[in-house]
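A.B. asks: Return atomic coordinates for the entry below.
(2 chains)
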Amino acid sequence: MSEITKPSLNFIEEIIEEDLKSGKHQGRVHTRFPPEPNGYLHIGHAKAICINFGLALKYGGKTNLRFDDTNPTTEDTEYVDAIKNDVNWLGFQWEGEALYASDYFSQLYEYAIDLIKKGLAFVDDSSPEEIAEMKKNPSEPGIDSPYKSRSIEENLQLFQDMKAGKYPDGSKVLRVKVDMASPNMHMRDPIIYRIKHETHHRTGDQWCIYPMYDFAHGQSDSIEGITHSLCSLEFIHHRPLYDWLIQKLDIFPSRQIEFARMNVTYMITSKRKLLKLVTEGFVTGWDDPRMPTISGMRRRGYPAEAIRTFCDKAGVAKRDNTIEIELLESCVRDVLNRTADRKMVVLDPIVLTITNYPEGKSEVMFGDANPEDENSGFTEMPFGRQLYIERDDFMEDAPKKYFRLTPGGNVRLKNAYIIQCDNCIKDENGEVTEVLATYFPDSKSGEDNSGIKAKGTIHWVSVEHGVPCTVRNYNRLFTVPNPDDFEEEGKSIFDFYNPESLIINENAIMEPALKGAVAGTQLQFLRKGYYVVDADSTEEKMVFNQTVSLKEGW
RNA sequence: UGACCCAUGGUGUAACGGUAGCACUACAGAUUUUGGUUCUGUCUGUUAAGGUUCGAAUCCUUAUGGGUCAACCA
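C.D. replies: From the prediction side, this is the model:
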């Protein structure tokens, strides 16, 4: 409306706005997300979900969730619930009940009969090999099947017999008569029905013939009144057939629009390869936090909101693209910075003793729960003479730019006192086992009159009160950004598996307030990164997964 | 070697014949009781060659490069 701030539209939005302007479909926008229930959803699906649901939301339309279940041999109900759950978790709700292409099997059968009656479809007895042979190749026109000239009556009878189960799998197919000379292979009398004596996850043994994708998808779109049917670029060659069938059937004209699917560095989306990562034990399961699956990202602690803004920022276009995972991580940090409470956890502990702090004394220190959120309140944590600090927050011989603990140097203990490092104790191997320091009593956080300024600030956990926990840290799953790029060199993605993709701190120490935190709780471990409470946590020992590290400087 | 799709900094995406912008990344600086956040700045771009035009990233042609299509998969 406002010409002043004209937001730039992607090409799909442009098409929709043109349709809206011309009054097409009475200004209705209806999209659909059509997963095949034969695997878990991944980042690529997330993109498709965000586009389809996002567009409907933007233009006051609706989005259907429709399971594309036309192949009983690969599909299973097992995936249906997981897919629904993932869509909901991402923050979207489909229109009405979930739909299934299999809901339309009877209608589709009628459509096929209609085509036969119009002389546009025929039953072919040729073998798969013979059919492939007759189709020839893209640069050479195909030749007609010898069965193409059967009469309408014969085709009708044969097709009914196919449905009745009179023929074995693979013995006959129903094809449409389009154009065997077309340079588009999908137009060379494509198969629209095949025989499969197989139990379907929803229709059971009711059918032994099943429609092909090309005779199910577009027709389902049409039946549902889908106005804009969005799919990935690889389906572009199917569009002429999509339109041809709708026209010949004279049904609601849904429009297919193709966009480039999104690739992300260090992530793969091949169903086969993902499965292999799981079965070969490279990861612990489909929801391993290193997996690019929606369930994996959820367990990793990525907020749904961050995934949505990521898909939005990645944009929509028709050129091949690979988004850097850093953009995703940036979106994740952006959300978590505002929402995650800060906690102190020492991942690799070493003892710090404050020699001038009274033995047996203990105080409670206060700090902002989240300095970026004024409504977050504050947290409190017990302080004492002995604290755990990170091993790498002490350095005996430190470079100039190192401003943490080093003999003679000062550092602020976050939310507590400034201390001066005096010395350290080493074992027989020269390993530092304890750091000794003195504190400045008048430097307490919030009431600092010391006038001392500390170079850096470090986090800590009281030895007396700290609780052991497990912290799982994650690095990139692969050692190269695009492991798929090396297939021509004979290398597989597994050659680039990063053995350090999971690093576990079994002896981390957390502040006591973390006890009993609920799985899924997102936190910032001060100076370390964002972490989420994992469902593996027990009464005895909490388990945290690293979501993403903090950006690291120096 | 048939047809189709695509080509803007390192990555992604705008500019719809009229100043090549934004985000992420990288780097530098300021602020900071998180080496986080925030703020400021810097680097890097229209695949090429012709043509149309007062003017081209944008329109036309050709070339080059990348991708897709020949499953009874979706």
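
A.B. asks: Kindly confirm my reading that residue A:544 is in a helix.
C.D. replies: No: counting by DSSP: H, G, I helix; E, B strand; the rest coil, residue A:544 falls outside a helix, being strand.

A.B. asks: What residues does it make contact with?
C.D. replies: Going by C-beta atoms under 8 Å, 6 or more residues apart in numbering, residue A:544 touches A:345, A:469, A:470, A:471, A:472, A:508, A:523, A:525, A:531, A:532, A:533, A:534. For glycine as for every other residue, the C-beta is placed from the backbone atoms N, C-alpha and C.

A.B. asks: List just the nearest of the residues you listed to residue A:441.
C.D. replies: residue A:345 (26.6 Å; C-beta to C-beta).

A.B. asks: Now do the contacts for residue A:185.
C.D. replies: With C-beta under 8 Å, 6+ apart, residue A:185 has these contacts: A:135, A:138, A:237.

A.B. asks: count of residues packed around residue A:362?
C.D. replies: Around residue A:362 there are 13 other residues, counting by other C-beta atoms under 10 Å.

A.B. asks: right, and it touches residue A:384 too?
C.D. replies: Yes: using C-beta atoms under 8 Å, residue A:362 makes contact with residue A:384 at a distance of 4.8 Å.

A.B. asks: Next, the residue nearest to residue A:78 when sequence neighbours are not counted: secondary structure please.
C.D. replies: Excluding its sequence neighbours, the residue lying closest to residue A:78 (C-beta to C-beta, 6 or more residues apart in numbering) is residue A:37, at 7.9 Å. When classified by three-state DSSP, residue A:37 comes out as coil.

A.B. asks: how close does residue A:37 sit to RNA strand B?
C.D. replies: 9 Å (C-beta to the nearest atom of the strand, to the nearest Å).

A.B. asks: Mind pulling up the pLDDT for that residue?
C.D. replies: pLDDT for residue A:37: 97.

A.B. asks: show me the contacts for it.
C.D. replies: Counting by C-beta under 8 Å, 6+ apart, residue A:37 has contacts A:67, A:68, A:69, A:75, A:76, A:77, A:78, A:79, A:80, A:83, A:201.

A.B. asks: now with 6 Å?
C.D. replies: Counting by C-beta atoms under 6 Å, 6 or more residues apart in numbering, residue A:37 touches A:67, A:69, A:75, A:79, A:80.

A.B. asks: As CSV, these with neighbour count, pLDDT and secondary structure would be great.
C.D. replies: Shown next, in CSV, are the contacts of residue A:37 (neighbours: other C-beta atoms under 10 Å; pLDDT from 0 to 100; DSSP: H, G, I helix; E, B strand; the rest coil):
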residue, neighbour count, pLDDT, secondary structure
A:67, 25, 98, strand
A:69, 28, 97, coil
A:75, 21, 85, coil
A:79, 19, 96, helix
A:80, 19, 97, helix
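
A.B. asks: just to revisit the earlier point, near RNA strand B too, which of the contacts of residue A:185?
C.D. replies: Of the residues in the contacts of residue A:185, proximity to RNA strand B by C-beta under 7 Å from any atom of the strand holds for A:135, A:138, A:237.

A.B. asks: Closest one to residue A:162 out of these, please.
C.D. replies: Using C-beta to C-beta, those come closest to residue A:162 at residue A:135, 21.1 Å.

A.B. asks: burial measure for the closest one, as a count.
C.D. replies: Residues near residue A:135, counting by other C-beta under 10 Å: 18.

A.B. asks: That one touches residue A:142, doesn't it?
C.D. replies: Yes: using C-beta atoms under 6 Å, residue A:135 is in contact with residue A:142, at 4.5 Å.

A.B. asks: what do these two both touch?
C.D. replies: residue A:188.

A.B. asks: Am I right that residue A:174 is in a strand?
C.D. replies: Yes: according to three-state DSSP, the state of residue A:174 is that of a strand.

A.B. asks: What are the phi and psi values at the nearest residue to it once chain neighbours are set aside?
C.D. replies: Residue nearest to residue A:174 in three dimensions, not counting chain neighbours: residue A:193, with 3.9 Å by C-beta to C-beta, 6+ apart. Main-chain dihedrals, residue A:193, degrees, to the nearest 10: phi -140, psi 140.

A.B. asks: on that earlier part again, quick check, nearest of the contacts of residue A:544 to residue A:26?
C.D. replies: Taking the contacts of residue A:544 together and measuring to residue A:26 by C-beta to C-beta, the closest member is residue A:532, at 45.5 Å.

A.B. asks: so how many other residues sit close to residue A:484?
C.D. replies: Residue A:484, neighbours per other C-beta under 10 Å, totals 16.

A.B. asks: Which pLDDT value goes with it?
C.D. replies: pLDDT, residue A:484: 95.

A.B. asks: likewise the one 10 residues further on?
C.D. replies: The score at residue A:494 is 97. That number is its pLDDT.

A.B. asks: Surely it forms part of a strand?
C.D. replies: No: counting by three-state DSSP, residue A:494 falls outside a strand, being helix.

A.B. asks: The ones next to RNA strand B among the contacts of residue A:185 into TSV, with extra columns for secondary structure?
C.D. replies: Formatted as TSV, those follow (three-state DSSP):
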residue	secondary structure
A:135	helix
A:138	coil
A:237	helix
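
A.B. asks: quick one: contacts for whichever residue of the stretch 401-550 of chain A sits closest to RNA strand B?
C.D. replies: Among all residues of the stretch 401-550 of chain A, residue A:445 sits closest to RNA strand B, at 2.8 Å; criterion: C-beta to the nearest atom of the strand. Listed by C-beta under 6 Å, 6+ apart, the contact set of residue A:445 reads A:415, A:416.

A.B. asks: Helix, strand or coil: sort out it for me.
C.D. replies: coil.

A.B. asks: For burial, what's the neighbour tally of residue A:158?
C.D. replies: By other C-beta under 10 Å, neighbour count at residue A:158 equals 21.

A.B. asks: Over to the one 5 residues further on?
C.D. replies: Residues contacting residue A:163 under the criterion other C-beta under 10 Å number 18.

A.B. asks: Same question for residue A:123.
C.D. replies: 24.

A.B. asks: hey, what's it bridged with?
C.D. replies: residue A:174 (DSSP bridges).

A.B. asks: does it really touch residue A:157, like I thought?
C.D. replies: No: under the criterion of C-beta under 6 Å, residue A:123 makes no contact with residue A:157, lying 8.9 Å away.

A.B. asks: now the ones next to RNA strand B among the contacts of residue A:185 in a markdown table, with pLDDT?
C.D. replies: As requested, these are arranged in a markdown table below (pLDDT from 0 to 100):
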| residue | pLDDT |
| --- | --- |
| A:135 | 97 |
| A:138 | 94 |
| A:237 | 97 |
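
A.B. asks: So which of these is the closest to RNA strand B?
C.D. replies: Closest to RNA strand B, out of all of these and judged by C-beta to the nearest atom of the strand, is residue A:138, at 2.9 Å.

A.B. asks: so how far is residue A:188 from the closest one?
C.D. replies: 10 Å (C-beta to C-beta, to the nearest Å).

A.B. asks: More neighbours: these two, which one.
C.D. replies: Taking other C-beta under 10 Å, residue A:138 and residue A:188 do not tie; residue A:188 has more neighbours (22 against 12).

A.B. asks: these two touch, right, that one and residue A:137?
C.D. replies: No: applying C-beta under 6 Å, one finds residue A:188 not in contact with residue A:137, separated by 10.3 Å.

A.B. asks: pLDDT below threshold where in the stretch 301-450 of chain A?
C.D. replies: Applying pLDDT under 70 to the stretch 301-450 of chain A picks out no residues at all.

A.B. asks: hmm, back to that, now list the buried members of the contacts of residue A:544.
C.D. replies: The neighbour-count test (16 or more other C-beta atoms under 10 Å) marks A:345, A:469, A:470, A:471, A:472, A:508, A:523, A:525, A:531, A:532, A:533, A:534 as buried among those.

A.B. asks: Which of these sits closest to residue A:550?
C.D. replies: Nearest member of the buried ones among the contacts of residue A:544 to residue A:550, counting by C-beta to C-beta, is residue A:525, at 8.8 Å.
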